[in-house]
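K.L.:
predicted structure and sequence below. I'll ask about it afterward.
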Amino acid sequence: MPRRRPLPDALSDQPFRVADAVAMGVNAERLRRSDLSAPVHGVRVVAGRDDFESIVDALALVMRPDQFFSHTTAARLWGAPLPLAVQREQTVHVSTSGTGPRMRRARVHGHRLSASGVIEVAGRWLSTPEDTWAQCVPLLGTRALVAVGDHFVGRSDLTTTIADLFGAIVPGSRSAVAARTAVDLVRVGSESAMETWFRLAIVDAGFPEPELNVEVRDPDGRLLGRVDMAWPDHRIAFEYDGDHHRERDVFHHDQRRDNGFTVNDWIAIHATSADAHRPAVVFERLRQAFEQRLATVRRFAA
């Protein structure tokens, strides 16, 4: 078997157009070899790199100037938390602005949008965060939409606001009611999809809406720690412990912090991803915390 001719360095670590490779002297037979795959027609990539990012980069090479990534594809590229089923989708959403033809390619769901804000990020053209959120409304449930909205309004490197999300809703559209329902629940301060899930579930369970990212201080003003959610008037904190809380340093930090809470009469309720499947258990702990605080108030009032 003849030895494979190495590709030019410029083509070895990213998707490339067949036309560009030919212009650089790569012959057609080399482009058909098994160490290359074709994520989309007219583009090649080193075999084994046929993942979401590679497909997106491959499509970016063949998109027209009036086309851009949109909907849940743009949300993924913005780093928004999405349900696992959406993350596993192989379809890429590409929109065409104006009256141009939709993209019709394998793995592509083509759309035509009369108006949408578009921005270039790392060489890719995407819908703006607020328009991306609005495009996701027909594709996601309410809680998933709230989590995406929380992500956009909470990122320090973006200037997206809740008002921006509201302004992106198309009046009179079939999804307008669902969009307004979701945007009314978006808050600044939720730092993960699970924090959003627990916040919404807590309110749905009948508890008062918590404040987010609360700094807990002792009577002398010294910072004891910051918590995901809290009811400061009741001195009750609620923490979602993700997997990183299992790390030794984080665990020790949490223990020291919670000791400080305890001696300053704060009740800290902790939840994990397992509690999302059986929230009644953690909600009973939270109910007991509120009952304890109310009992204290009644005792002092007597």
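P.N.:
Looks like it arrived, so ask away.

K.L.:
show me where this structure has helices.
P.N.:
Using DSSP state H, the helices of the chain run over 18-23, 52-62, 71-77, 84-87, 129-136, 142-154, 162-167, 176-183, 193-204, 248-263, 279-301.

K.L.:
by mean pLDDT, show me the worst of those helices.
P.N.:
Of all the helices of the chain, the segment with the smallest mean pLDDT is helix 248-263, scoring a mean of 65.

K.L.:
rewinding a little: dump the helices of the chain to CSV, plus mean neighbour count.
P.N.:
In short, each C-beta sits where N, CA and C put it, glycine included. Formatted as CSV, the entries for those read as follows, by neighbours: other CB atoms under 10 Å:
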stretch, mean neighbour count
helix 18-23, 14
helix 52-62, 19
helix 71-77, 25
helix 84-87, 11
helix 129-136, 27
helix 142-154, 24
helix 162-167, 17
helix 176-183, 18
helix 193-204, 20
helix 248-263, 13
helix 279-301, 13
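
K.L.:
of all the ones you listed, which lies closest to S97?
P.N.:
Nearest to S97, of all the helices of the chain, is helix 129-136, at 11.0 Å by CB to CB.

K.L.:
so the closest residue to M194 other than its chain neighbours versus T161, what's the distance?
P.N.:
Of all residues beyond its chain neighbours, the one nearest M194 is Y240 (5.3 Å), with distances taken as CB to CB, 6 or more residues apart in numbering. To T161, Y240 is 24 Å away according to CB to CB, to the nearest Å.

K.L.:
and these two? which has more neighbours close in?
P.N.:
Here Y240 and T161 are compared on neighbour count by other CB atoms under 10 Å; more neighbours surround Y240, at 24 against 14.

K.L.:
rewinding a little: and the helices of the chain as TSV, adding distance to V118?
P.N.:
Formatted as TSV, the helices of the chain follow (distance: least, CB to CB, whole Å):
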stretch	distance to V118
helix 18-23	24
helix 52-62	13
helix 71-77	10
helix 84-87	22
helix 129-136	8
helix 142-154	16
helix 162-167	15
helix 176-183	20
helix 193-204	26
helix 248-263	39
helix 279-301	40
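
K.L.:
for H109, which of these is the nearest?
P.N.:
Of all the helices of the chain, the one in closest proximity to H109, counting by CB to CB, is helix 71-77 (7.6 Å).

K.L.:
now do that closest one: distance to the chain's middle.
P.N.:
Helix 71-77 has its C-alpha centroid displaced from the chain centroid by 9 Å (CA atoms, centre = their mean, to the nearest Å).

K.L.:
likewise for stretch 189-203?
P.N.:
Centroid separation between stretch 189-203 and its chain, computed with CA atoms, centre = their mean, is 13 Å.

K.L.:
quick one: residues in contact with the longest strand anywhere in the chain.
P.N.:
Here the longest strand in the chain is taken by residue count, with DSSP state E as the criterion, and it is strand 223-231. Outside strand 223-231, the residues that touch it by CB atoms under 8 Å, 6 or more residues apart in numbering are 191, 195, 198-199, 202, 208, 210-218, 236-240, 257, 260-261, 264, 266, 268, 290.

K.L.:
can you dump the C-alpha atoms of that strand in PDB for me?
P.N.:
Included here for strand 223-231 are C-alpha records, laid out as PDB according to Å, rounded to 0.1, in the frame of the first residue of the first chain:
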ATOM      1  CA  LEU A 223     -17.900  37.400  55.700                       C
ATOM      2  CA  LEU A 224     -18.800  33.800  56.600                       C
ATOM      3  CA  GLY A 225     -19.400  32.800  53.000                       C
ATOM      4  CA  ARG A 226     -21.600  33.200  50.000                       C
ATOM      5  CA  VAL A 227     -24.500  30.800  49.400                       C
ATOM      6  CA  ASP A 228     -26.500  30.000  46.300                       C
ATOM      7  CA  MET A 229     -29.800  30.900  47.800                       C
ATOM      8  CA  ALA A 230     -31.000  32.300  51.100                       C
ATOM      9  CA  TRP A 231     -33.800  33.900  53.100                       C
END
